[in-house]
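Asks: only geometry, no sequence info:
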């Protein structure tokens, strides 16, 4: 019946109907695919109650390592070397006496990030960050040269250092994205606390992006590189602040302070009971 009616129409009109129906089907197919991808991204991985504490532990562990790593590397090298000598960056401590601490901490962060699961978008970003930080630990930065001998690294070491810089940038950018993802997760019962935490996550993510830009500006712009980097260590300061920003975001997301407060409250009544028993005795 439709073929007979279409045969009675002019050829141009029939072609227009066919093209419009084809466009409608293509558009509906694209919208359907988009909706499926959107639902897949925001779908939360079902987590049993027994695993909730494990995920909170992972978040707290990542945050603690991020906050503690810079002072441990710097003070550890000073104490073990018995002289006040500061490297130009955190990655430069790969060649110091605390190099094993640096590599081990990056591996711990990488494994934590790969094992971390929440929803599909968080999984993708955290897996990228975990893979990149493991590559960063395997491919060291270019060795720091003595100002008196500026040419000290081989061509291979410079190439490896460039790859190190690339993966480190992707790693830090992924962590900044994770901080923003924390701010869009389901709200807590306390709306005031939830609002404050979301602002903290946004501040940490924005600070990390700012620090990435500053570090890239100092390292890539020729006029900004020079002896002053060995004197004032701007990259080390920027990387330390960036590590603290990322560590604080994960530290808060792991509800470390709240769980510590609950543990103290649990211990306090037992101590009071012991003291009362001793007083009665």
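Replies: Looks like it came in fine. Bear in mind the structure is a predicted one, so any value in this text is a computation, not a measurement.

Asks: from here on, just use CA atoms for contacts and neighbour counts.
Replies: OK.

Asks: how about the helix or strand hosting residue 157, which residues are buried there?
Replies: Element membership for residue 157, per DSSP states H and E: helix 155-182. Of the residues in helix 155-182, 157-158, 160-165, 167-182 count as buried by neighbour count, 16 or more other Cα atoms under 10 Å.

Asks: okay, the residue nearest to residue 157 when sequence neighbours are not counted and residue 252: tell me how far apart.
Replies: Excluding the flanking residues, the one nearest residue 157 by Cα to Cα, 6 or more residues apart in numbering is residue 142, at 5.7 Å. Counting by Cα to Cα, to the nearest Å, the gap from residue 142 to residue 252 is 34 Å.

Asks: more crowded one of those two?
Replies: Legend: neighbour count by other Cα atoms under 10 Å for residue 142 and residue 252, higher for residue 142 (23 against 18).

Asks: and what about that one, helix, strand or coil?
Replies: coil (DSSP: H, G, I helix; E, B strand; the rest coil).

Asks: shaky segments in the stretch 151-281 of the chain?
Replies: For the stretch 151-281 of the chain, the stretches with pLDDT under 70 are 151, 185-193, 222-227, 254-281.

Asks: just the helices in it please.
Replies: 155-182, 191-220, 228-232, 234-253, 256-280 (DSSP state H, counting those that start in this stretch).

Asks: nearest to residue 134, of the ones you listed?
Replies: Residue 134 lies closest, by Cα to Cα, to one member of these: helix 155-182, at 9.2 Å.

Asks: packing partners of the closest one?
Replies: Packing partners of helix 155-182 (3 or more Cα pairs under 8 Å, 6 or more residues apart in numbering; DSSP states H and E): helix 120-138, helix 191-220, helix 234-253.

Asks: switch to 6 Å and redo it
Replies: On a contact count with 3 or more Cα pairs under 6 Å, 6 or more residues apart in numbering; DSSP states H and E, helix 155-182 meets helix 120-138, helix 191-220.

Asks: got the ones you listed as JSON lines, with distance to residue 96 columns?
Replies: Shown next, in JSON lines, are the helices and strands packed on helix 155-182 (distance: least, Cα to Cα, whole Å):
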{"stretch": "helix 120-138", "distance to residue 96": "14"}
{"stretch": "helix 191-220", "distance to residue 96": "21"}
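
Asks: which of those helices sits most buried?
Replies: When you average the neighbours per residue for each of the helices and strands packed on helix 155-182 (mean count of other Cα atoms under 10 Å), helix 120-138 leads with a mean of 21.
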